[in-house]
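In: Structural data only, the sequence is not supplied:
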């Protein structure tokens with residue numbers, strides 16, 4: 001195992017030490033367990049978000065024949081398997097959905113007869129010093 005040092009404010013370290021003693025563990029063991037549990041939770045949330053997004057993409061594909069009849073050349077937003085907004089500008093459609101439902105949980109695409117264009121973009125990384 002790699003040995004790292006994390007500086008904690010005294011009041012947090014004291015609370016960790018007290019909790020570790022109550023659980024008959026070392027403070028290091030307790031912190032490793034907490035961090036590990038938190039990371040597992042974050043991974044599970046990320047997996048759920050990805051699955052939800054993939055369901056919206058699949059719904060768009062399933063609805064596409066009807067969408068071509070009604071929304072050809074427009075952007076549509078699909079949320080929970082239904083069209084919830086449409087328009088000529090992608091950002092306007094996204095804004096409508098965010099204002100109505102909050103962030104995330106929807107898919108916006110241009111309704112065209114051809115295949116969807118896939119673009120992969122790395123997300124920005126935040127570094128802390």
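Out: Received it, and whenever you're ready, just let me know what you need. The model shown is predicted, which means the values in this text are computed figures rather than measured ones.
In: in stretch 16-36, what counts as buried?
Out: Neighbour-count burial for stretch 16-36, with 16 or more other C-beta atoms under 10 Å as criterion, is recorded at 16, 20, 27, 30, 31. C-betas here are computed from N, CA, C, even on glycine.
In: helix or strand right after the helix or strand of the chain with the lowest mean pLDDT?
Out: One helix or strand of the chain scores below all others by mean pLDDT, DSSP states H and E: helix 27-71, with a mean of 89. Sequence-wise, the next helix or strand downstream of helix 27-71 (DSSP states H and E) is strand 75-79.
In: Beyond that following strand, next helix or strand please.
Out: Next element after strand 75-79 (DSSP H and E): strand 82-87.
In: what about the helix or strand following that following strand, distance to the chain center?
Out: Where DSSP H and E defines the elements, the next helix or strand beyond strand 82-87 is helix 90-101. In terms of C-alpha atoms, centre = their mean, to the nearest Å, the centre of helix 90-101 is found 17 Å from the chain centre.
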